[in-house]
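Chemist: give the three-dimensional model of this entry:
(chains A and B)
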Amino acid sequence: MPIFECRNLTKSYGAAPALSNVSLTVEPGRVVGLLGPNGSGKTTMIKLANGLLTPNSGEVLINGMKPGIETKKIVSYLPERTYLSEWMSAAQLMDFFGDFYPDFRRDRAEEMLARLGISQQQRVKQMSKGTREKVQLIMVMSRAAKLYLLDEPIGGVDPATRDYILSTIIQNYEPDSSIIISTHLIADVEKVLDEVIFLNRGEVVLRSSVDAIREEKGKSVDELFREVFRC
Amino acid sequence: MLGKLLKHEFRATARTMWPFYAALLITSLGANVAVRVMESKKYSDSVLLRIFSTLVIILFVVALAAVGIMTLVMMVQRFQKNLLTSEGYLMFTLPVSEHSLILSKTITAAVWFLATGAAQVLAMLIMSFRVSYVNKAWEDIRQLFSQITSYYAVNGAAFILEALAVAFLGCAVTCLMFYAAMALGYGFPTHKGLLSVVFFFVFLVALQILGTMGLFASFDGGLLGRGYVGTNTAVEVIRSVHLAMGVAAAAELVLGGIFYAVTALNLKHRLNLE
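Modeler: A predicted model of the protein is given here:
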């Protein structure tokens, strides 16, 4: 059974379509890049998968289930913005995640915080933007989830932090779990991807394994992306 | 999961409320001393002391009002910030239902409203402790309660418990009215805050109209008109008060149910986080 599936998924904001009749599946154990320019529908698809939006038609299924309490137990979601309460400390965040997610591994989170030199007593409001993003990623990746939905995890951070974030993602996900990474920073993420899905104006324009792109087209994913989405 | 949500909700809100309660109690102590100074023949001639005492009493009155206003602001801001802005991305992806989220916010806010009421009463008691002219007023109130208890036996205590229950329901319904207005307003793509205010005033006007209609209906062939309510005998008074409390509680439950449904349906089907 696919861990993630869209069936004729359509979502529009007023008259503007964000996703048009999208159908795709992601199997367990895959790292998939959801790639496309700004406004291509990446964030909308991830929000639909999290139940933050409802589709106009079609459906999105997580492990065969519509988004709801059961799917939220197995999905670890990193939005493209900081969603942490500013008054909370890193320790309180771990309490919070530990209380609501049985798959949250506190020891893993503590280890990653210590490696980055982030005090557990430090409050979110005292952290820099980059540190907040790292802490948020640590919370998300400290869960032993079946599906990780990461929306622009490396947007807006420096190259050194990007490397740290990507290595954290790859080192911490469970082998039988899947990761869907939405981004337009292809060059940075393509080394960790198994497959790519190109989205443009709410439609899937290409679906391929990264190896096939390199072997059959003789190009990197970044080169192919620039070719497909040339302005 | 509701228990866990309540735990974190109280943790998040207590850090705002405790400092206000502490400030209120400290100013009430100050006001008590200030009133005694003003009453005292020994110090009352000092202009400086009188000015200072007046300022302390003003500060106490401001603190008394500020705690009430802060409770209301906290209730609105907590719902808006925690569910309808960036923090909503975390709250709505927790493995909990929308009902648990709404209930946790409503219960916590209603408890804080009651706590604020209790803190205000305690502050006034502290302020008036052994102050001669205020003591007289408290003595009158105490006597009134003792008369009610002696006259209506256990019904006196029952009245107070019923009044507290109606007050708790009233606090919860007030919260839900704010929540319903925000849930509706934030479902729109733009002018979310402005639309929330508009919906709140629409609810307020609708409640005024319904309340007035209910009052007329109760006279015109209703409970009042049919003689269920009266003040001629003790039995009539007891029945009237219990009936009034019951009607008030039922009305609160119906209104609360409507506002709750509006909030839940909008958060479930019209959630529009930016």
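Chemist: so residue A:9 sits in a helix?
Modeler: No: residue assignment for residue A:9, taken from DSSP: H, G, I helix; E, B strand; the rest coil, gives strand, which places it outside any helix.
Chemist: with chain A as the reference, measure out to the closest residue to residue B:193 other than its chain neighbours.
Modeler: Using C-beta to C-beta, 6 or more residues apart in numbering or on different chains and skipping residues adjacent in sequence, the residue nearest residue B:193 is residue B:185, 6.8 Å away. C-beta coordinates here come from the backbone N, C-alpha and C atoms, glycine included. Counting by C-beta to the nearest C-beta, to the nearest Å, the separation of residue B:185 from chain A is 17 Å.
Chemist: list the contacts of the spatially most central residue of chain A.
Modeler: Nearest to the centroid of the C-alpha atoms of chain A, with distances taken as C-alpha atoms, centre = their mean, sits residue A:150, at 1.2 Å. Neighbouring residues of residue A:150 by C-beta atoms under 8 Å, 6 or more residues apart in numbering or on different chains: A:77, A:78, A:140, A:169, A:179, A:180, A:181, A:182.
Chemist: sorry, back to before: ok, now which ones touch the residue nearest to residue B:193?
Modeler: With contacts defined as C-beta under 8 Å, 6+ apart, the neighbours of residue B:185 are B:192, B:193, B:194, B:195, B:196, B:197, B:198, B:199.
Chemist: what residues does chain A have near chain B?
Modeler: Chain A comes close to chain B at residues A:13-14, A:47, A:50-54, A:69-70, A:72-73, A:75, A:77, A:79, A:81-85, A:87, A:92, A:96, A:99-101, as judged by C-beta under 8 Å from any C-beta of the partner chain.
Chemist: try it again at 7 Å.
Modeler: A:50-52, A:54, A:69, A:72-73, A:77, A:79, A:81-83, A:85, A:87, A:96, A:99-100 (C-beta under 7 Å from any C-beta of the partner chain).
Chemist: in helices, which of those appear?
Modeler: With DSSP state H as the criterion, helices contain A:69, A:72, A:73, A:96, A:99, A:100 from among these.
Chemist: tell me which two in the residues you listed are the farthest apart.
Modeler: With C-beta to C-beta as the measure, no two of those lie farther apart than A:69 and A:96, at 17.3 Å.
Chemist: out of the ones in helices among the residues of chain A next to chain B, flag the one nearest to residue B:247.
Modeler: When these are ranked by distance to residue B:247 (C-beta to C-beta), residue A:69 comes first, at 37.7 Å.
Chemist: the one residue in the stretch 101-250 of chain B that gets nearest to chain A is in what secondary structure piece?
Modeler: When distances are taken as C-beta to the nearest C-beta, the stretch 101-250 of chain B approaches chain A most closely through residue B:189, which lies 7.0 Å from it. Secondary structure from DSSP states H and E places residue B:189 outside every helix and strand.
Chemist: ok, now which ones touch it?
Modeler: Taking C-beta atoms under 7 Å, 6 or more residues apart in numbering or on different chains as the definition of contact, the neighbours of residue B:189 are residue B:272.
Chemist: with residue A:205 instead?
Modeler: Under the criterion of C-beta under 7 Å, 6+ apart, the contact partners of residue A:205 comprise A:198, A:228.
Chemist: for residue 231, give me the pLDDT.
Modeler: The chain I'm using is chain A. Here the pLDDT value assigned to residue A:231 is 68.
Chemist: my question was about chain B, not that one.
Modeler: Here the pLDDT value assigned to residue B:231 is 63.
Chemist: how about the one 4 residues further on?
Modeler: The pLDDT attached to residue B:235 in the predicted structure is 69.
Chemist: repeat that for residue B:191.
Modeler: Residue B:191 is assigned a pLDDT of 88 by the prediction.
Chemist: can you check the one 3 residues further on too?
Modeler: If you check residue B:194, the pLDDT there is 94.
Chemist: burial count for it?
Modeler: 11 (other C-beta atoms under 10 Å in any protein chain shown).
Chemist: host element of it?
Modeler: helix B:192-219.
Chemist: what angle do the very next helix or strand once past that helix and helix B:192-219 make?
Modeler: Using DSSP H and E, the next helix or strand after helix B:192-219 towards the C-terminus is helix B:234-269. Inter-element angle recorded for helix B:234-269 and helix B:192-219: 150 degrees (by axes from the mean of the first three to the mean of the last three C-alpha atoms, to 10 degrees).
Chemist: how about helix B:234-269 and chain A, any contact?
Modeler: Yes: judged by C-beta under 7 Å from any C-beta, helix B:234-269 comes into contact with chain A at residue B:269.
Chemist: in that helix, what's buried?
Modeler: Across helix B:234-269, burial judged by 16 or more other C-beta atoms under 10 Å in any protein chain shown covers B:237-238, B:240-241, B:245, B:247-249, B:251-252, B:255-256, B:258-260, B:262-264, B:266-267.
Chemist: stretch A:26-46: how far from the chain's middle?
Modeler: Stretch A:26-46 sits 8 Å away from the centroid of its parent chain (C-alpha atoms, centre = their mean, to the nearest Å).
Chemist: show the average pLDDT along that stretch.
Modeler: Computed over stretch A:26-46, the average pLDDT equals 92.
Chemist: pLDDT at residue A:17, what is it?
Modeler: What the model reports as pLDDT for residue A:17 is 86.
Chemist: just say helix, strand or coil for it.
Modeler: Assignment for residue A:17 (three-state DSSP): strand.
Chemist: surely it and residue A:202 touch.
Modeler: Yes: the pair residue A:17 and residue A:202 passes the contact test of C-beta atoms under 7 Å, sitting 5.2 Å apart.
Chemist: quick one: which of the two has more around it?
Modeler: More neighbours surround residue A:202 than the other of residue A:17 and residue A:202, with 23 against 17 (other C-beta under 10 Å).
Chemist: and the pLDDT for the more buried one?
Modeler: Model confidence at residue A:202, expressed as pLDDT, equals 91.
Chemist: my guess is it contacts residue A:21. True?
Modeler: No: using C-beta under 7 Å as the test, residue A:202 is too far from residue A:21 to be in contact (8.6 Å).
Chemist: quick check: residues of the stretch 101-250 of chain B near chain A?
Modeler: When proximity is defined by C-beta under 7 Å from any C-beta, the stretch 101-250 of chain B lies next to chain A nowhere.
Chemist: low-confidence ranges in the stretch 101-250 of chain B?
Modeler: Using pLDDT under 70 as the threshold, the predicted model of the stretch 101-250 of chain B has low-confidence ranges B:131-135, B:148-156, B:218-235.
Chemist: show me what counts as buried in the lowest-mean-pLDDT helix or strand in chain A.
Modeler: Of all the helices and strands that make up chain A, helix A:159-172 has the lowest average by mean pLDDT, DSSP states H and E, namely a mean of 79. With burial defined by 16+ other C-beta under 10 Å, the residues of helix A:159-172 counted as buried are A:161, A:162, A:164, A:165, A:166, A:168, A:169, A:172.
Chemist: got it, and stretch A:86-105?
Modeler: A:88-97, A:99-101, A:104-105.
Chemist: now do the same contact list for residue A:141.
Modeler: Taking C-beta under 7 Å, 6+ apart as the definition, contacts of residue A:141 comprise A:168, A:169, A:172, A:173.
Chemist: likewise for residue A:180?
Modeler: Contacts were defined as C-beta under 7 Å, 6+ apart; by that measure residue A:180 touches A:4, A:26, A:32, A:34, A:149, A:150.
Chemist: and which of the residues you listed is nearest residue B:119?
Modeler: Compare each of these with residue B:119 using C-beta to C-beta and the shortest gap goes to residue A:149, at 44.3 Å.
Chemist: any idea what the closest one is bridged to?
Modeler: residue A:77, residue A:180 (DSSP bridges).
Chemist: that one against residue A:80, yeah?
Modeler: No: with contacts counted by C-beta under 7 Å, residue A:149 stays clear of residue A:80, the gap being 10.9 Å.
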